[in-house]
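S.K.: sharing a model that was predicted from the sequence below.
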Amino acid sequence: MIETALIVETVVKAIIALAVIAGMAGFATFIERKVLAFMQRRLGPMHVGPYGLLQLAADGIKLFTKEDIIPQNVVKPIFMIAPVIAAASAFVAIAAVPYFPEFTVFGYTIHPIISDINVGLLFIMGAASVGMYAPLLAGLSSHNKWSLLGGARAVIQLLSFEVVSGLSILGPVMMIGSLSLINMNDYQIGGVANWLIWKQPLAFVLFAIAGFAETNRTPFDLIEFEAEIVSGYATEYSGMRWGLFFIGEYANMITISVLVSIIFLGGYNDIWIIPGAIAMLIKVSLWIFLFLWVRAAWPHVRPDQLMWVCWKVLMPLALINVLITGIVLV
Amino acid sequence: MELRGFKNRNVSPGYIFFEGEPKPLTSWEQFKRFLSRAVKGELFVGLWIVLREMIRFDIHTLQYPMEKLKMGPRYRAIHKLLRLFDSGSERCIGCGLCEKICISNCIKMDTKVDEKSRKLVTQYSINFGRCIFCGYCAEVCPELAIVHGSSYEHASEQRASFGLKEDMLTPLDKFKANKQKEFPGFGALSKDADKFVKKTPLAY
C-alpha cells in the first residue's frame, strides 16, 4: 500500500515538474526576448496579446503545426532521436532537484523533489552531460557542414567545461560531505551569513562560468553561433524537433539556476522574513535574468579561447581551490 | 610639388597613427597582459551599460502600422498638385518647366488652350518607376503647384498608381475642408528645427 502511494506520488510529482518546467522554459523564451529588447532599446513582441504575452502560445502553435521535415541524406533514426535526447536529458536532470522546502497539504507532507537520491548532484551533472550527445548526434547525422562543425564544437565544449564544473563543485562537496542537494541546503540554514558563497567564492565563480558553458549561453554559445556556423547543429532542424532542442536548453538553464541557488546561495532556507519558497523563486529568477543580461552585453568567445580558458586558467584555479579547501578542512 | 605629395592626402598634422598594442614577447609579459585584460572590469562596464538602458527605458521602437514617422518638410516623397487657396482652381499653369527639367524624363503633360484662351492642363502624369525624387520639378515650379508630399508608403499594385493627375491633385472635398497644406518651400526647415541646433564648437 505504501509502495503504491509512493509510486502515485512520484508520478504526480514528475508530471507536475515536467509541465511546470516545460511551461517555464517556454515562458523564459518570451522573457528573454523582452529583456533583450529592453536592453537594446526595443520593445520586443507586442502584437499577440497584451504586451505580447500570448506570443508564447503563437510560437507553440507554429512549432507544433509545422511540417516535420527530414532532409535528404541524413541518417534518419539518429536525426530524429537527437532532439529527444536534448529534451529528455534536461528533464531527467530535474528529477533530483529540490525546488522548495517541504510543506504539508491536508496532513500529508510533500517533499518537492521527485527523488531524493543521495548522489543527487552527481546524477544531475551526469544527466546534463548526456545532453551534450544531442548536438553531437544532430551534427553528425545532418548532412550539413555547419551542423558537423557545430557538433565538433559541442564536443570540445564538453571536454573543456566538464572538468571545470566537476572540480569546482568538489570544494563545496568536501565541506558538506554529501552529494545530496538537500544536505547542501540544510548545511546553509541560518541566514545570509551561512551561505556557501562566502566560504567558496572561487568555486562559485568557476561553477557559474561552467554553467554558462554547459547551457550554451552567450559567452560560450559557439556551438550555434549564427555569424560563424549558421545555426550549428540545429541548422537542418525545423518545427517541433527544433523546439525540443530549445526546450532542453531552457530547462537546462533553469536547472543550473536552481543548482547555483541551492549549492551556493542558501537554497530554500528562509531569509529574514522572506519564506524559503519565495526566496528560492527570487534567486532562480535573478539567475535566469543574469543569463539574459550577459547575453545582451557580452560577445562570445572563439572555440580555442574557450579551451584555453577552461584548461589553462579555470582548471588550475579549481584545483587550487580544492587544495586550499582540503588544507583548511584538515 | 611632386605628384606623390598630392596623392598622400591622409597625412596631415594632427593625425595619430596607431599601430596596435605591442605584442608581448616573453611569457611574463603575456601573463601581465592576460591579468590586465581579465581584471580590468571592462566586462562589467558592458553589463552596466545594458542594464542602464533597460532601467532608463528609452524605447526607440516605432510600432509602424499604428504609429508613423513624421517626415520633415525637406523629405521628398510622392508628388502632390496643389490648388489655389482663394479660387480652388488648379495652380498649374501648364508652363512645362517641370517636364523640361526632369532629369529622368518621367513627367509628361498635355495642354490645350481653352475657350477663355487660357492654357489648360488636360493630362499630367509622373512615371514613378523612373522618378528619382530629385526634387527639381518642385524647385523649378513658378507657381508652387507641384510639390513633394510626405507619404512614404509607395507599395501599389500597378506602376501607374500615384502618378496620374487625379491621384496627385488635391481633391475638391479635401480642399473645401481646408485640409490642403501649403508647401513650406523647397528645403524648408521643420518646425522643431531649433531644438536640433547646436553651437559650433570653437575648436575640434
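M.R.: The structure has been received and is ready for your questions.
S.K.: okay, CA-based contacts and neighbour counts for the rest of this
M.R.: OK.
S.K.: residues from chain B in reach of chain A?
M.R.: By CA under 8 Å from any CA of the partner chain, the residues of chain B that approach chain A are B:43, B:46-47, B:49-51, B:53-54, B:57-61.
S.K.: please redo it, this time with the cut-off set to 6 Å
M.R.: Residues of chain B lying close to chain A (CA under 6 Å from any CA of the partner chain) are B:46-47, B:50, B:53-54, B:59-61.
S.K.: which residues of the chain fall in helices?
M.R.: Since you didn't name a chain, this refers to chain A. Counting by DSSP state H, one finds helices in chain A at the ranges A:2-39, A:55-65, A:76-93, A:120-130, A:133-141, A:145-176, A:181-187, A:196-199, A:201-214, A:226-229, A:239-263, A:276-297, A:303-308, A:315-329.
S.K.: right idea, wrong chain: chain B
M.R.: Going by DSSP H, chain B shows helices at B:3-7, B:27-39, B:42-56, B:97-101, B:136-140, B:165-168, B:172-176.
S.K.: winner for burial among those helices?
M.R.: Across those, the average number of neighbours (mean count of other CA atoms under 10 Å in any protein chain shown) peaks for helix B:136-140, which reaches a mean of 19.
S.K.: centre of the chain to that helix, how far?
M.R.: Taking CA atoms, centre = their mean, to the nearest Å, one finds helix B:136-140 lying 16 Å from the centre of the chain it belongs to.
S.K.: pLDDT on that helix, on average?
M.R.: Confidence over helix B:136-140 (mean pLDDT, whole number) is 89.
S.K.: for the most centrally placed residue in chain A, what are its contacts?
M.R.: Centroid-nearest residue in chain A, with CA atoms, centre = their mean: A:Asn252, separated by 2.3 Å. A:Asn252 makes contact with A:Ala90, according to CA atoms under 6 Å, 6 or more residues apart in numbering or on different chains.
S.K.: gap between it and chain B?
M.R.: Applying CA to the nearest CA, to the nearest Å, the value for A:Asn252 to chain B is 23 Å.
S.K.: cool, and A:Val12?
M.R.: 40 Å.
S.K.: can you read off the pLDDT for that residue?
M.R.: If you check A:Val12, the pLDDT there is 84.
S.K.: B:Gly14 too?
M.R.: Reading off the per-residue confidence, B:Gly14 sits at a pLDDT of 65.
S.K.: same question, A:Ala90
M.R.: Confidence per residue is given as pLDDT, and for A:Ala90 that number is 86.
S.K.: keeping just the C-alphas, turn stretch A:177-184 into PDB.
M.R.: Output for stretch A:177-184, consisting of C-alpha atoms alone and laid out as PDB, is shown next (Å, rounded to 0.1, in the frame of the first residue of the first chain):
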ATOM      1  CA  GLY A 177      30.400  15.800   3.000                       C
ATOM      2  CA  SER A 178      27.400  14.800   0.900                       C
ATOM      3  CA  LEU A 179      26.300  14.800  -2.700                       C
ATOM      4  CA  SER A 180      22.700  15.200  -1.800                       C
ATOM      5  CA  LEU A 181      21.300  18.600  -2.600                       C
ATOM      6  CA  ILE A 182      19.000  18.500   0.400                       C
ATOM      7  CA  ASN A 183      22.000  18.100   2.700                       C
ATOM      8  CA  MET A 184      23.700  21.000   0.900                       C
END
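S.K.: okay, buried residues for that stretch please.
M.R.: When neighbours are counted by 16 or more other CA atoms under 10 Å in any protein chain shown, the buried residues of stretch A:177-184 are found to be A:178-182, A:184.
S.K.: let's have these in CSV, adding distance to chain B and pLDDT.
M.R.: As requested, those are arranged in CSV below (distance: CA to the nearest CA, whole Å; pLDDT from 0 to 100):
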residue, distance to chain B, pLDDT
A:Ser178, 34, 83
A:Leu179, 32, 85
A:Ser180, 34, 83
A:Leu181, 31, 82
A:Ile182, 33, 81
A:Met184, 30, 80
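S.K.: low-confidence stretches in chain A?
M.R.: A:1, A:107 (pLDDT under 70).
S.K.: close to chain B: what parts of it are there?
M.R.: In this structure, chain A approaches chain B at residues A:38-39, A:41-42, A:297, judged by CA under 6 Å from any CA.
S.K.: and those residues, which are buried?
M.R.: Buried among these by 16+ other CA under 10 Å: A:38-39, A:41-42, A:297.
S.K.: closest residue of the stretch 151-300 of chain A to chain B?
M.R.: Taking CA to the nearest CA, chain B has its nearest neighbour within the stretch 151-300 of chain A at A:Ala297, 5.4 Å off.
S.K.: okay, which residue is most central for chain B?
M.R.: Note on chain B: the residue nearest the mean C-alpha position is B:Tyr75, at 4.5 Å, using CA atoms, centre = their mean.
S.K.: deepest of the helices of chain A, which one?
M.R.: Compared across the helices of chain A, helix A:133-141 shows the largest average neighbour count, a mean of 25 (mean count of other CA under 10 Å).
S.K.: how does chain B divide into domains?
M.R.: Taking automatic domain parsing as the domain assignment, the ranges for chain B are B:27-56, B:79-189.
S.K.: need those in CSV with distance to B:Lys199, can you?
M.R.: What follows is the domains of chain B, written out as CSV (distance: least, CA to CA, whole Å):
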stretch, distance to B:Lys199
domain B:27-56, 27
domain B:79-189, 17
